[in-house]
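In: Model the following, please.
(5 chains)
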Amino acid sequence: MIIARVIGNVVSVAKVNELRPVELYVVEFYNYALEPAGKYEIAIDSIGVGIGDYVLTCSGSAARMSEITNKMPSDTTIMARIDNFELLKKEIKEDSALK
Amino acid sequence: MIIARVIGNVVSVAKVNELRPVELYVVEFYNYALEPAGKYEIAIDSIGVGIGDYVLTCSGSAARMSEITNKMPSDTTIMARIDNFELLKKEIKEDSALK
Amino acid sequence: MIIARVIGNVVSVAKVNELRPVELYVVEFYNYALEPAGKYEIAIDSIGVGIGDYVLTCSGSAARMSEITNKMPSDTTIMARIDNFELLKKEIKEDSALK
Amino acid sequence: MIIARVIGNVVSVAKVNELRPVELYVVEFYNYALEPAGKYEIAIDSIGVGIGDYVLTCSGSAARMSEITNKMPSDTTIMARIDNFELLKKEIKEDSALK
Amino acid sequence: MIIARVIGNVVSVAKVNELRPVELYVVEFYNYALEPAGKYEIAIDSIGVGIGDYVLTCSGSAARMSEITNKMPSDTTIMARIDNFELLKKEIKEDSALK
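Out: Residues are numbered from 1 along each chain as shown, chains lettered A, B, ... in the order given. Modelled structure (predicted):
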C-alpha cells in the first residue's frame, strides 16, 4: 500500500453500473517523508474518509479484497486511515550481517 | 483509476475473436491539473464515449470488472465519463496530527 | 493495450512446457505519434504476425484472455494487428465544461 | 520479489476489517548493491520481522499467496528475511553465445 | 517477458512455507541490445538455470503459470533460457501503411 491524501472528488453520471454505489476520490500519493510524490489516482473509498485525510491505498487485484469493492472495477481502493506513522530509521544499528 | 481524454481510435481487422464486438480508443492520460501526463493506452469503451470526452480508465484485472469487458483481453477500460471534477486542496487545514 | 512493433524473435530450447507451442517475439513499444517509446517486451503471438507489423499488446492477467494464451505464462500478448490508426486531437473543441 | 528494509510502522484505527489482524510496516526498497532505491511500500508481514531487517517483498496478486495474507487486501507482502545475499557477477565468463 | 541475466542468489531461513522448495536468484533486467537496463528482481527458477545465463522472466499473475510456481508467492519467475536472440530491425521496410 501507499500513503496518500484525499484532495478532491469526481462526479460522474455516465458510468458502468458497478460504480453506481460508491464515491470517487482524488488521492495524491505521498512519500514516507509525508511529501507529495507527484502521482495520483481516482480511488474508491471503503472506510469513510474526508478531504485532507491521510490514508493507505491498495492497488492491483488486492484493491477488490474489501467487502465494498468485492465485485467492483476498482484498481485503487482506500483501505485505512492513518492515525500514526512512525519512521524508525535512527534505531537501526548498522551492524547488519548483510552489509 | 486515472483521468484520461479520448483522442483517437484504432481499426484492426486481424485480431483475437474476443475483441471483435468492441471499439478501441486511444486515450491520453491526464494529471489532476487536467494537463496531459505524457502517457496513453488503447482502451476498450464500456459506456459509450466520444472523441474529446474526459473519462476515467481502470487498469489491471479490474479492467475486466464491467459487463462488457467481463471476458475480454482488456488491460485498460473506460469506466466513466467525468461530469465534474473538484480539487479541494485549499480547504485542507494544515493542522494534521500526522505532520 | 499499447501500440508496438514486431522487431525480432527469441529461440529457447530450455523452457517450461507451457511455452512449447508458441513463438516468442521481441516487440518494441511505440507512443501514439508512432515513434519508439524506449521499452520492449518478449510477447506471445495469438493472431499470426510478421516482422515489422504494428500490433496491439495486452499486459497483466488480461494477456491470458485469448484462446491461445489461456493457460500460458504470458504477461504480454499480441492481440491485434493495426490496420488504421487515427488521432483526432484537432477535432476536439476546447470548450469542455471541465476546464 | 524486491530487496527491502523494514524502517517503520503505521498505526490505523479506521481500516477495513480484513486488515484488523495484521501489522503494517514501512519498507524501503533497495537495489542489489544494497543501497536505498528511492521507493517504499506499506507492507503486511507474514513471517515476523523487526525494524532494520532486510527482507524480500512480493507484489501483485502473488502478495496474497501466503497463509496469512490469503484473503487480505495486500499488494505488498513480506515473504522472507534475507540471511545471505551473494552477487556472483565476477564469476560470469563473458564468452556467452548470445553476445 | 523481459530478457534478464542470472547474477546472484539469496539465502533465506525465515520465509513463508510456500517458498521452502525453491531457489531464489538475483536477475538483472536487460534491454534488447543486451545491455543491463538498471533494474532487477529476485526470481524463482522453474527450469534449472546457472549463474550467467540469459533468461526470460515473466511477471504478474502469469509468474504462477508454471508447474513449479503454481501456488507460490512468485511475482517474477524464470520461464526460459535464451538460446538465440535475433533482432530483425534492418529487414523492416519503411513502407508501412501506418506511417
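In: and A:M1, how many neighbours does it have?
Out: Neighbours of A:M1 under the rule other Cβ atoms under 10 Å in any protein chain shown: 25. All C-beta atoms are positioned from the backbone trio N, CA, C, and that covers glycine.
In: repeat for the one 3 residues further on
Out: By other Cβ under 10 Å, the residues close to A:A4 number 26.
In: do A:L98 as well
Out: Neighbour count for A:L98, taken as other Cβ under 10 Å: 13.
In: try A:I47
Out: A:I47 sits with 20 neighbouring residues when counted by other Cβ under 10 Å.
In: where's it relative to B:M79, distance?
Out: Distance, A:I47 to B:M79, using Cβ to Cβ, to the nearest Å: 21 Å.
In: wait, isn't A:T76 in contact with A:L56?
Out: No: counting by Cβ atoms under 8 Å, A:T76 does not reach A:L56; the two are 11.0 Å apart.
In: Contacts only, for the residue of chain A found nearest chain E.
Out: Chain A approaches chain E most closely through A:S61 (7.6 Å), counting by Cβ to the nearest Cβ. Counting by Cβ atoms under 8 Å, 6 or more residues apart in numbering or on different chains, A:S61 touches B:G60, B:S61, B:A62, C:S61, D:G60, D:S61, E:S61.
In: ok but it is inside a helix, no?
Out: Yes: assessed by DSSP: H, G, I helix; E, B strand; the rest coil, A:S61 belongs to a helix.
In: Got the confidence number for it?
Out: Turning to A:S61, the model gives it a pLDDT of 98.
In: Kindly report the same for A:D95.
Out: A:D95 carries a pLDDT value of 56.
In: Point out the residues in chain A that sit beside chain C.
Out: Applying Cβ under 8 Å from any Cβ of the partner chain, we find that chain A lies next to chain C at A:S61.
In: low-scoring stretches of chain A, by residue?
Out: By pLDDT under 70, the low-scoring segments of chain A are A:94-97, A:99.
In: now the residue nearest the centre of it, what's its secondary structure?
Out: Computing the C-alpha centroid of chain A and ranking residues by Cα atoms, centre = their mean puts A:T57 first, at 1.9 Å. Per three-state DSSP, the local secondary structure of A:T57 is strand.
In: Could I get the contacting residues of it?
Out: A:M1, A:I2, A:A4, A:V27, A:F29, A:E41, A:A43, A:T76, A:T77, A:I78, A:M79.
In: For the third one, list the residues it contacts.
Out: Pointing back at A:A4 there. A:V27, A:E28, A:F29, A:Y30, A:E41, A:A43, A:Y54, A:V55, A:L56, A:T57, A:I78.
In: One more pass at 10 Å, please.
Out: A:A4 sits next to A:25-30, A:36-37, A:39-41, A:43, A:53-57, A:76, A:78, A:82 when contact means Cβ atoms under 10 Å, 6 or more residues apart in numbering or on different chains.
In: Kindly state the beta-bridge partners for the nearest residue to it once chain neighbours are set aside.
Out: Computed as Cβ to Cβ, 6 or more residues apart in numbering or on different chains, the closest residue to A:A4 that is not its neighbour in sequence is A:V27, at 4.0 Å. Going by DSSP bridges, A:V27 is paired in beta bridges with A:V6, A:E41.
In: Would you confirm that A:V27 contacts A:T76?
Out: Yes: counting by Cβ atoms under 10 Å, A:V27 does reach A:T76; the two are 7.3 Å apart.
In: hey, what's in contact with both of these two?
Out: A:I2, A:A4, A:Y40, A:E41, A:I42, A:A43, A:T57.
In: What about the fourth one, how many residues nearby?
Out: Around A:E41 sit 24 other residues, with neighbours defined as other Cβ under 10 Å.
In: and it, what does it touch?
Out: So A:E41 contacts A:2, A:4, A:25-29, A:57, A:59, A:63, A:75-78, B:1-3, B:32, B:59 (Cβ under 10 Å, 6+ apart).
In: got it, and the fifth one?
Out: Listed by Cβ under 10 Å, 6+ apart, the contact partners of A:I42 are A:8-10, A:12, A:24-27, A:74-76, B:1-3, B:32, B:56-58, B:79-80, B:82, B:85.
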